[in-house]
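**Student:** 3D model of this:
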Amino acid sequence: MAKGPKDQAVSERLPVARVAVDISLAHLDRPFDYLVPARLDAGAVPGCRVRVRFAGHLIDGYVLERMQTSEHQGRLARLERVISPEPVLTPEIFDLARAVADRYAGTLADVLRLAIPPRHATAEREAPAAGTPSDRGHGSPAPAGPAPAGPAPAGPAPSPPDPGSWSRYPAGPAFLAGLAEGRPVRAAWSALPGPEWPSEIAIAAATTAAAGRGVLIVVPDARDLDRVDAALTETGLDHVCLAAELGPAERYRRWLTVRRGLVRVVAGTRSAMFAPVAGLGLVVLWDDGDDLHAEPRAPYPNAREVLALRAHRTGAAALIGGFARTTELTQLVAGGWARPLAGSAEALRQAAPRVRAAPDEAELARDAAAMTARLPSLALRTARGGLAQGPVLVQVPRRGYLAAVACARCRAQARCATCAGPLEISGSHSTPGCRWCGALAADWTCARCGSGQLRALVTGAARTAEELGRAFPGVPVRTSGGQHVLATVPAAPALVIATPGAEPVAAEGYAAALLLDGWALLGRPSLRAAEEALRRWLNAAALVRPGGSVVVLAEATLPAVQALIRWDPVTFSERELAERAELGFPPAVRMASVTGPPEAVADFVGVLSSSGDGLPARAEVLGPVPVDARPGVSAETRERALIRIGRGDGLELARALHAVQATRSARKDGGALRVQLDPAEVA
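**Tutor:** Model (predicted):
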């Protein structure tokens, strides 16, 4: 139906709207101007969702601002409609999204998809409005109410809490004093072992809230979020939790309570790092080395970098850390952006368990088989002694039964005859199968020696539970990992077999812990193998009660094992950073990876190197080299090139990468490429 004159009339007040269109093409990564029809004048407010026509298609977008005139010389199209007058894009989040896109050589549209959840109309109508009490934590929905035009002022600020367990940290009271005064204090937190970390985060949040400022807390997973939620609730702090597990309606409703300024304390998983908290005064990131903080979608930002950037831009305080210390956080300390915040030596002695490595010299003298046994006598004695006092944690790096098998005669790893993937055995009477394609290998024979016999190469959690169940008859055995992750276990004696990251919390702490197969963690072909192994060991050992016993099955002389025994992740991280700086590895430098078909990678690198304002002269191109096939990835040949540059030139490299992507998208070049800055793995 044709539109009438009234529909065609343009608004007399600020008739031009600048719109960020939801298009991920790099050469279109800029705002576009549209005319505002008079009928849409009231709803087309900055930050609202709109529908526009772009290249003949109806596309979603966000109004960035309203203007009197446009610099565009041609004819402007009109806004088609206002999807919702709710101003979901705040100026602070827009500026942050633009900065993140520039840092990671991405597009604004990709970042905004991560920052703003999809609209849910019913939830938008039901979300609480100004003056409506918001729900706390995981509570029931709040009453419905109309949406206000902007964020409402927060309620009366609570009084600051006592420092509590922060007194165990020499700099803890000073850090809390800085939060109370609204200063941008930034701490690299080396948390003391034990269960106090959620309450310490809650105390820092309550101190900031008492100063009338907002708080954003990001943790790796839902189990950590539940613990922080409980701690915030115990302090009486009004807050909301944001996580993908909530579902689209509930998550959007809670997100709107934050956007409307009804709640200023937000806790969540990675997706909450862009939450529009009003008057942000503190960002908190727990366990910043966890790979769950790395966004798997373009432009692949890491929550640590986003929150650090957000704190820097808004003048907020920051509390980033965990039981371990990443080299990236050590880099921030070395650059003066953050200050170390660690417990006193006396507090560490009182809180930490006793850690031993097996085999050590004493055990080798006592047990000649300690060097080759998967469960040497020290581990069995430790488990037996721990079971007399409570539950015992057993950390196994791999889930499954036999995660990898080998030829019993020549010890060559058994591989699938179809796709060359590694074989595994999923149960005690199961047929070997391929981990990549799933094909069964009932009649497998070794391609090297012709033998048909198999032996275990990597033992998984299920087989470990079976072996320990036989070694300790009558003792309950619980497993946690994969799709079945336990949150807590009782204080009664039991063997708890868990994969890294799936260790449940024991009431009163574990009496002992066994950290098995250290070689499987330390021997991974990864730049971060030792750092990641130490992080997983520390996270598991921190669940053991003070004075409990921890046995790690790894060579005692290795730096990561020594750092665990001494409970000294800071020195280990400083040493790692120094070695990487000497060798030119991240995070001492910034590095980009370009992965895709060989022709596309070669073209990308060629354009990048030949462009007049492209790759800086100080940059170094490594490769391209073939990339090994991975499960679920097409078998076509893929290559990867690495571009390395000094940290001070990182933004210049990002601009060059974005410019080449814009050239390729404008030319509609074929060959899908994955361009990633600061990838977690470069091996």
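
**Student:** center of the protein - which residue?
**Tutor:** By CA atoms, centre = their mean, the mean C-alpha position of the chain lies nearest to residue 293, the distance being 0.5 Å.

**Student:** wait, doesn't it sit right on residue 224?
**Tutor:** No: the pair residue 293 and residue 224 does not pass the contact test of CB atoms under 8 Å, sitting 11.3 Å apart. No exception for glycine: its C-beta is placed from N, CA and C like everyone else's.

**Student:** shared neighbours of those two, which are they?
**Tutor:** Jointly contacting residue 293 and residue 224 under the rule CB atoms under 8 Å, 6 or more residues apart in numbering are residue 287.

**Student:** pLDDT weak spots in the stretch 301-450 of the chain?
**Tutor:** 359-374 (pLDDT under 70).

**Student:** just so I have it, where are all the helices in it?
**Tutor:** Under the criterion DSSP state H, counting those that start in this stretch, helices of the stretch 301-450 of the chain are mapped to 303-314, 327-334, 345-351, 361-366, 377-387.

**Student:** would CSV of those helices with distance to residue 547 and mean neighbour count be doable?
**Tutor:** Shown next, in CSV, are those (distance: least, CB to CB, whole Å; neighbours: other CB atoms under 10 Å):
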stretch, distance to residue 547, mean neighbour count
helix 303-314, 33, 21
helix 327-334, 29, 22
helix 345-351, 9, 14
helix 361-366, 20, 13
helix 377-387, 12, 19
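
**Student:** mind checking pLDDT for residue 128?
**Tutor:** For residue 128, the model assigns a pLDDT of 78.

**Student:** Spit out the contact partners of residue 477.
**Tutor:** By CB under 8 Å, 6+ apart, the contact list for residue 477 reads 465, 468, 469, 494, 495, 497.

**Student:** residue contacts, residue 12?
**Tutor:** Residue 12 sits in contact with residue 38, where contact means CB under 8 Å, 6+ apart.

**Student:** So which residues of the stretch 51-200 of the chain form helices?
**Tutor:** Using DSSP H, counting those that start in this stretch, helices in the stretch 51-200 of the chain cover 91-103, 108-115, 121-126, 172-180, 197-210.

**Student:** got the angle for the second one vs helix 303-314?
**Tutor:** What it means is helix 108-115. In terms of direction (axes from the mean of the first three to the mean of the last three CA atoms, to 10 degrees), helix 108-115 departs from helix 303-314 by 100 degrees.

**Student:** What residues does residue 542 make contact with?
**Tutor:** 191, 193, 194, 323.

**Student:** Of those, which pair is most distant in space?
**Tutor:** 194 and 323 (9.6 Å; CB to CB).

**Student:** Neighbour count for the two, which is higher?
**Tutor:** residue 323 (25 against 21; other CB atoms under 10 Å).

**Student:** if we can go back for a sec, deepest of the helices of the stretch 51-200 of the chain, which one?
**Tutor:** Here the criterion is mean neighbour count by mean count of other CB atoms under 10 Å, and of the helices of the stretch 51-200 of the chain the winner is helix 197-210, at a mean of 25.

**Student:** Can you list the helices and strands that the next helix or strand after that helix packs against?
**Tutor:** Once the chain leaves helix 197-210, the next helix or strand it forms, by DSSP states H and E, is strand 214-218. Where contact means 3 or more CB pairs under 8 Å, 6 or more residues apart in numbering; DSSP states H and E, strand 214-218 is packed against helix 197-210, strand 265-268, strand 280-286, helix 303-314.

**Student:** Report pLDDT for residue 50.
**Tutor:** So, for residue 50, pLDDT stands at 97.

**Student:** Tell me how many other residues surround it.
**Tutor:** Applying other CB under 10 Å, I find that residue 50 has 25 neighbouring residues.

**Student:** now do residue 216
**Tutor:** Residue 216, neighbours per other CB under 10 Å, totals 28.

**Student:** Return the residues in contact with the nearest residue to residue 266 once chain neighbours are set aside.
**Tutor:** Leaving aside its chain neighbours, residue 266 sits nearest to residue 275 (4.7 Å; criterion: CB to CB, 6 or more residues apart in numbering). By CB under 8 Å, 6+ apart, the contact set of residue 275 is 216, 242, 255, 258, 266, 268.

**Student:** List the contacts of the nearest residue to residue 664 once chain neighbours are set aside.
**Tutor:** Nearest-residue entry for residue 664: residue 604, 7.0 Å, with adjacent residues in sequence omitted and distances by CB to CB, 6+ apart. For residue 604, the contact set (CB under 8 Å, 6+ apart) comprises 594, 596, 641, 660, 664, 673, 675.

**Student:** Buried among the residues you listed? Need that as a selection in ChimeraX.
**Tutor:** For the buried members of those, the matching ChimeraX selection, counting by 16 or more other CB atoms under 10 Å, is:
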select :594,596,641,660,664,673,675
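
**Student:** what's the farthest-apart pair in the contacts of residue 604?
**Tutor:** 641 and 664 (14.4 Å).

**Student:** What is the lengthiest helix in the chain packed up against?
**Tutor:** Longest helix of the chain, by residue count under DSSP state H: helix 650-667. Helix 650-667 sits against helix 91-103, strand 589-596, helix 598-610, strand 639-646, strand 674-677, with contacts defined as 3+ CB pairs under 8 Å, 6+ apart.

**Student:** What about the closest residue to residue 344 other than its chain neighbours, how many residues nearby?
**Tutor:** Nearest non-adjacent residue to residue 344, counting by CB to CB, 6+ apart: residue 170, 5.5 Å away. Residues near residue 170, counting by other CB under 10 Å, number 13.

**Student:** ok, residue 170 touching residue 345?
**Tutor:** No: the criterion here is CB under 8 Å, and residue 170 misses it with residue 345 at 9.7 Å.

**Student:** just to revisit the earlier point, mind picking the two most distant members of the contacts of residue 275?
**Tutor:** Pairwise distances across these peak at 12.5 Å for 216 and 255 (criterion: CB to CB).
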